[in-house]
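Next come a sequence and a model predicted from it.
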There are 2 protein chains.
Amino acid sequence: MNYFSSNFKLGILGGGQLGKMLLYSTRKFDIYTAVLEASDEAPCKIACNEFHLGDLMNFDAVYNFGKQVDVLTIEIENVNVDALEALEKEGVNVYPSSKTLRIIQNKGKQKLFYTDNNIPTAPFSRFAYTSEIEESINNGGLQLPFVWKSAQFGYDGQGVKIVKSLDDLKGLPNVECIAENLVPFKNELAVIVARNPSGETKTYPVVEMEFHPEANQVEYVICPARIDAALARKAEDIALKTSKAFNHVGLLAVEMFQTQNDDILVNEVAPRPHNSGHQTIEASYTSQFEQHIRAILDLPLGRTGSKVGGVMVNLVGAEGHSGQVVYQNIENIMTMDGVTPHIYGKKQTRPFRKMGHVTIVNEDVNEARRVAEEVKKSIKVISE
Amino acid sequence: MNYFSSNFKLGILGGGQLGKMLLYSTRKFDIYTAVLEASDEAPCKIACNEFHLGDLMNFDAVYNFGKQVDVLTIEIENVNVDALEALEKEGVNVYPSSKTLRIIQNKGKQKLFYTDNNIPTAPFSRFAYTSEIEESINNGGLQLPFVWKSAQFGYDGQGVKIVKSLDDLKGLPNVECIAENLVPFKNELAVIVARNPSGETKTYPVVEMEFHPEANQVEYVICPARIDAALARKAEDIALKTSKAFNHVGLLAVEMFQTQNDDILVNEVAPRPHNSGHQTIEASYTSQFEQHIRAILDLPLGRTGSKVGGVMVNLVGAEGHSGQVVYQNIENIMTMDGVTPHIYGKKQTRPFRKMGHVTIVNEDVNEARRVAEEVKKSIKVISE
């Protein structure tokens, strides 16, 4: 198929910041792109060729949109998978597949998938309802502490809680969930794997993630991770194995724990461009967004190495601020070498809402990390 | 002014490929942008916040558009300068200024400006009409050969001809023009200078340009130029002097000749992002498009150094092809390391029309240059 001429249409489910950054690449390649999104104020509103308003969880909305495109992808996992399955049966190329999304959408199924495929992951128990957990603790089937995770619709720190005592269970929603062993880890790592339908596969370098202790959101992503080559190789191999097990097409971001004795455990995956790959726009030979487009269109994959070291800082809404957003001191950080702010274009801020990110690049990743701290201290996402 | 919130509006005159690439940066910074353009099929049609149809040479169209914005810039020089002057008087920030554009729009005035400001340039004569040239040759006022250039509206090989005999004058339009000494040169070089209203100034590394012999269009841009440091310094100094003489704000691309005895002569300038800076998107710490936005909004300028070596190849329509465009072998070039095609999104090709460009980056600029030749041999812009 000739993607670079007319008569081809790419569809994206979701119109948030990931979609917005995907559109940089569709614009660069002049690929005709339609977006389906529920909010009329979404970051993708402009820069796509067609903007369709609709609920991503609604069968008809997704199905009717998907019928109009040749290749359909996502920028968010929470979409109507039954519609994707119906579209696949009718010949639409859907990447990631409905099968992959069904597994990923449910954390219980996702964890089982890892154990079924001999992919190392932290031990866990599944529960149909949170209310069943107390009994399991009482009869010795489950030990404290553990990590409680809602099986569905967990996103950015929602639906995850460390449970140290029975009291911590109070207030949790009574939903399908898992209880996962609390793994003491040295590092959180991630590897993005790209794979196209022809089977060409490439990995990006291992990145290191530092999380905000309260918000459970990534604070810094550091590329490359400051780990030794053997461990990096191990992480890459596990990421590749995971991608292969899913028979995945597009990007698969594999988040992992590096344990105290340097084992690698898969935490979770995202079948799309991911926060752990934003620095690729400035630091890599091929940005993750361009790579996702290349992969799902079965184009040759681009070089995944780094031109320079890269660090990414998330710009999240400051606590105590809700309302019309202001990026305080953004001009200050722009005086620093190798600093690029990305503003997603959301009009309203609220505590911990992802409003943008800043990439810091430098020949020396440690210097980039130092500047990143300056950036972090300087810029604040507040309300007017 | 807070550019990153609402209530600020940037205006761009022109909706071609340069505007399209400027919009990558306004999208990244979430800067509200309006575009005025005569063609409803222009590359900028999407990705701006507002698209206005109108003739850029029409006073009312430009004036009425400019009245609605806070900062006004251009992506093409051929705009109504009287309207810009009126807007400046009414407090709109216009970059480049009407004064700069008046000088640049007329090659005779531009050449005089260089001599008035002691900026080295090839000797020349001005003529009110091409028909006056023959007499000047006959009475010994002008020697053959020389380069005939139309004073106005020269663009990409239009309006330029090497005149070796009186016969070559036949068929030239009878317009205001200059006759410039034919300088035997080793290299064509270019330096892009960025300057903001606060006076902060930065230069990009000197690039080397190889021209297509027939079309008089740039075929390869090589960054950095393979010249010695002293000569590079000389070219940068002359570019800075030129920018200062114009008291320019935004980007100024200064095209220069390196003569046989390593003198530098200014050929012409462009007060905007330029073909000689396209490789900055992939190769530099700050792309020329982001830098232009930073400069005209009086933001701090970004780092201008290179992350890696970069070579740019223009994708122009092949001879003998007019009609619906096809990018033959584009998938081949995407298998090559560090290769990024940029497709401008023009639907119709014709011989020598600029349809896109390809950037090739590599740690080693000579390797990038080698791959660029492979790219050049492989991809063809043809019609269906």
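Perfect, thanks for sending it. It should be emphasised that the depicted structure is a prediction, and the values quoted were computed from it without experimental measurement.

going forward, measure contacts between C-alpha atoms and count neighbours the same way
Fine.

count of neighbours near whatever residue of the stretch 1-150 of chain A ends up closest to chain B?
The minimum distance from the stretch 1-150 of chain A to chain B, using C-alpha to the nearest C-alpha, falls at A:Ala47 (3.7 Å). Here the number of neighbours of A:Ala47 (other C-alpha atoms under 10 Å in any protein chain shown) works out to 26.

try A:Pro341
Neighbourhood size, A:Pro341 [other C-alpha under 10 Å]: 21.

before we move on, the earlier item: to which secondary structure element is the residue of the stretch 1-150 of chain A closest to chain B assigned?
Using DSSP states H and E, A:Ala47 sits in no helix or strand.

Report the contact partners of it.
A:20, A:23, A:27, B:46-48 (C-alpha atoms under 8 Å, 6 or more residues apart in numbering or on different chains).

how about 7 Å then?
Residues near A:Ala47 by C-alpha atoms under 7 Å, 6 or more residues apart in numbering or on different chains: A:23, B:46-47.

swap in A:Ala372?
Applying C-alpha under 7 Å, 6+ apart, we find A:Ala372 in contact with A:311, A:313, A:360.

Please name whichever of the contacts of A:Ala47 scores lowest on pLDDT.
Here the lowest pLDDT out of the contacts of A:Ala47 sits on B:Ile46, with 90.

Any idea how many residues pack against that residue?
20.

what's the answer for A:Val249, then?
By the criterion of other C-alpha under 10 Å, A:Val249 has 29 neighbours.

repeat for A:Asp40
Neighbours around A:Asp40, by other C-alpha under 10 Å: 13.

If I look at it, what pLDDT would I see?
For A:Asp40, the pLDDT comes out at 93.

which one is it nearest to, not counting chain neighbours?
In this structure, A:Asp40 finds its nearest non-sequential neighbour in A:Leu53, 6.8 Å apart by C-alpha to C-alpha, 6 or more residues apart in numbering or on different chains.

Tell me the predicted confidence for that neighbour.
At A:Leu53, the model reports a pLDDT of 98.

wouldn't it be in contact with A:Ala38 here?
Yes: at 5.3 Å, A:Leu53 counts as touching A:Ala38 under the criterion of C-alpha atoms under 7 Å.

circling back to that earlier point, make a markdown table from the contacts of A:Ala372 and add neighbour count and pLDDT to it.
Listed next are those as a markdown table, based on neighbours: other C-alpha atoms under 10 Å in any protein chain shown; pLDDT from 0 to 100:
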| residue | neighbour count | pLDDT |
| --- | --- | --- |
| A:Val311 | 34 | 98 |
| A:Val313 | 25 | 96 |
| A:Ile360 | 29 | 98 |
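
quick one: which of these is nearest chain B?
A:Ile360 (9.9 Å).

For the closest one, which non-adjacent residue is spatially closest?
Sequence neighbours aside, A:Val339 is the residue nearest to A:Ile360 in space, at 4.6 Å (criterion: C-alpha to C-alpha, 6+ apart).

And A:Thr335, by the same measure?
Leaving aside its chain neighbours, A:Thr335 sits nearest to B:Pro300 (5.3 Å; criterion: C-alpha to C-alpha, 6+ apart).

Is there a neighbour count for the one you found? I'd like the number.
20.

Sketch out the low-pLDDT regions of chain A for me.
Scanning chain A with the threshold set as pLDDT under 70 gives A:1-2, A:5-6, A:154-158, A:213-217.

Tell me the residue in it that is farthest from the middle.
Among residues of chain A, the one most distant from the C-alpha centroid is A:Asn139; the distance is 37.0 Å, by C-alpha atoms, centre = their mean.

So what's the gap between stretch A:186-205 and the chain middle?
Centroid separation between stretch A:186-205 and its chain, computed with C-alpha atoms, centre = their mean, to the nearest Å, is 13 Å.

Let's verify A:Val326: helix, strand, or coil?
strand (DSSP: H, G, I helix; E, B strand; the rest coil).

ok, it - contacts?
With C-alpha under 7 Å, 6+ apart, A:Val326 has these contacts: A:381-384, B:5.

In strands, which of these fall?
Among the contacts of A:Val326, DSSP state E puts A:381-383 in strands.

which of these tops the neighbour count?
Among the ones in strands among the contacts of A:Val326, the one with the most neighbours (other C-alpha under 10 Å) is A:Val381, at 26 neighbours.

show me what contacts that residue?
A:315-318, A:325-328.

So which of these wins on neighbours?
A:Gly317 (25 neighbours).

How about the secondary structure of A:Tyr3?
Under three-state DSSP, A:Tyr3 comes out as coil.

Next, find the distance separating A:Val316 from chain B.
15 Å (C-alpha to the nearest C-alpha, to the nearest Å).

List the contacts of that residue.
A:352-356, A:381.

which residue packs closest to the spatially most central residue of chain A, ignoring adjacent ones?
Nearest to the mean C-alpha position of chain A, by C-alpha atoms, centre = their mean, lies A:His274 at 3.3 Å. Nearest-residue entry for A:His274: A:Ala253, 6.3 Å, with adjacent residues in sequence omitted and distances by C-alpha to C-alpha, 6+ apart.

Surely the one you found forms part of a strand?
Yes: applying three-state DSSP, one finds A:Ala253 inside a strand.

still on that earlier bit, pretty sure the residue nearest to A:Thr335 sits against B:Arg294.
Yes: the criterion here is C-alpha under 7 Å, and B:Pro300 meets it with B:Arg294 at 6.4 Å.

one step back: tabulate the contacts of A:Ala47 (JSON lines), appending distance to A:Phe127.
Formatted as JSON lines, these follow (distance: C-alpha to C-alpha, whole Å):
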{"residue": "A:Leu23", "distance to A:Phe127": "40"}
{"residue": "B:Ile46", "distance to A:Phe127": "48"}
{"residue": "B:Ala47", "distance to A:Phe127": "46"}
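
Out of those residues, which is nearest to A:Ala368?
Taking C-alpha to C-alpha as the measure, A:Ala368 sits nearest to A:Leu23 out of the contacts of A:Ala47, at 27.0 Å.

Quick check: which element contains that closest one?
Using DSSP H and E, A:Leu23 sits in helix A:17-28.

quick one, that helix and helix B:17-28 angle?
Calculated by axes from the mean of the first three to the mean of the last three C-alpha atoms, to 10 degrees, helix A:17-28 forms an angle of 170 degrees with helix B:17-28.

who's in contact with A:Val313?
With contact set as C-alpha under 7 Å, 6+ apart, A:Val313 has these partners: A:219-221, A:357-359, A:372.

any idea which of those residues has the most stuff around it?
Busiest of the contacts of A:Val313 [other C-alpha under 10 Å] is A:Val221, holding 28 neighbours.

Tell me the spacing between it and A:Leu315.
When distance is defined by C-alpha to C-alpha, to the nearest Å, A:Val221 is 12 Å away from A:Leu315.

now A:Asn362
With distances taken as C-alpha to C-alpha, A:Asn362 is found 20 Å from A:Leu315.

And A:Cys223, by the same measure?
The gap separating A:Cys223 from A:Leu315 is 18 Å, by C-alpha to C-alpha.

in the stretch 51-200 of chain A, which spans are strands?
Using DSSP state E, counting those that start in this stretch, the strands found in the stretch 51-200 of chain A span residues A:71-74, A:93-94, A:124-127, A:146-150, A:160-163, A:177-181, A:185-195.

try the stretch 251-384 of chain A
With strands called from DSSP E, counting those that start in this stretch, the stretch 251-384 of chain A shows them at A:264-270, A:309-316, A:323-328, A:339-343, A:348-349, A:354-362, A:380-383.

Can you name the residues of chain A sitting close to chain B?
Residues of chain A found near chain B (C-alpha under 7 Å from any C-alpha of the partner chain) are A:5, A:24, A:28-30, A:46-49, A:285, A:299-300, A:302-303, A:307-308, A:326, A:331, A:334-335, A:337-338, A:341-345.
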